[in-house]
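Colleague: Sequence first, predicted coordinates after that:
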Amino acid sequence: MNSADPTIFLVDDDATVLKGSQRLLTAAGFNVETFQSADDFLERHDPAVSGCLILDVAMPGLSGLELQQALHARHSFLPIIFLTGRADIPMSVQAMKDGALDLLQKPVDESDLLAAIDRALIRGRELRESNALTASVEERLATLTPREREVLMHVVEGRMNKQIAGDLGTVEKTIKVHRARMMEKMKVRSVAQLVQLMERAGIRSETPAR
């Protein structure tokens, strides 16, 4: 293990549960940090650290659901596995609606917990990679002039240079210049690469529907 490895964050007001879960996960090779309250977690958590959160639903003070909402407000990419000591269907439904990856009933089966953690770590990695890609694309877009951005959106729609020139009220030669500069700034060599980049980053066309 090293500081770059994902960390499993355990939040539960039951010290016995914390100790047992920590022992299990440490033996499985995970970095583990424990917290006895949601407030303590919020105060101490570093959002730059990857991993997943194993969270008790019902706790004194800030509840598990309230912590989930607080993390959403902070645009957290930390996947959440909820643990509950009672079969509370409305609470479970709300947790899943709000993006929880799993909800497990206490006492938790060890194999079920480890499987849920594997899923959560995969999901967390995907979210971080997607966010990094989106940020990279947005940085490239920010270097474009307004006209280059217009040309980009038309190109993504599959419009040819002559059509774009007609749409924007200019000549085809000018569009070719804008297009070449746009492609260079976006760091792509083909329209296919550009379209794929925009789609993977979740950036949609800004031009009106035709």
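Modeller: Perfect, I can see it now. Residues are numbered from 1 along each chain as shown.
Colleague: do you know how far residue 119 is from residue 56?
Modeller: Distance, residue 119 to residue 56, using CB to CB, to the nearest Å: 19 Å. Placement of C-beta: from N, CA and C, glycine included.
Colleague: Out of the two, name the residue with the larger neighbour count.
Modeller: More neighbours surround residue 56 than the other of residue 119 and residue 56, with 23 against 14 (other CB atoms under 10 Å).
Colleague: tell me the contacts of that one?
Modeller: 11, 12, 13, 14, 17, 64, 82, 83, 84, 85 (CB atoms under 8 Å, 6 or more residues apart in numbering).
Colleague: could you redo the last one with a cut-off of 10 Å?
Modeller: Going by CB atoms under 10 Å, 6 or more residues apart in numbering, residue 56 touches 10-14, 17-18, 36-38, 63-64, 67, 82-85, 106.
Colleague: Not counting sequence-adjacent ones, nearest residue to it?
Modeller: Closest residue to residue 56 apart from its sequence neighbours, by CB to CB, 6 or more residues apart in numbering: residue 12 at 4.2 Å.
Colleague: pLDDT score assigned to the closest residue to residue 171 other than its chain neighbours?
Modeller: Of all residues not flanking residue 171 in the chain, residue 165 sits nearest, at 5.7 Å (CB to CB, 6+ apart). Listed pLDDT for residue 165 reads 96.
Colleague: With residue 86 instead?
Modeller: So, for residue 86, pLDDT stands at 68.
Colleague: Okay, and residue 178 sits in which element?
Modeller: Per DSSP states H and E: residue 178 is located in helix 172-186.
Colleague: Tell me the buried residues in that helix?
Modeller: Within helix 172-186, the residues that qualify as buried are 175, 178, 179, 181, 182, 183, 185, 186, counting by 16 or more other CB atoms under 10 Å.
Colleague: In the helix or strand just after that helix, which residues are buried?
Modeller: Note on helix 172-186: by DSSP H and E, the next helix or strand toward the C-terminus is helix 191-200. For helix 191-200, burial by neighbour count (16+ other CB under 10 Å) applies to 194, 197, 198.
Colleague: any idea how far the closest residue to residue 168 other than its chain neighbours lies from residue 71?
Modeller: Leaving aside its sequence neighbours, residue 168 sits nearest to residue 150 (CB to CB, 6+ apart; 6.3 Å). According to CB to CB, residue 150 stands 37 Å off from residue 71.
Colleague: higher neighbour count, the two?
Modeller: Between residue 150 and residue 71, residue 71 has the larger neighbour count (other CB under 10 Å), namely 22 against 19.
Colleague: show me the contacts for the residue lying farthest from the centre of the chain.
Modeller: Residue farthest from the centre of the chain, counting by CA atoms, centre = their mean, is residue 171 at 41.9 Å. Neighbouring residues of residue 171 by CB under 10 Å, 6+ apart: 161, 162, 165.
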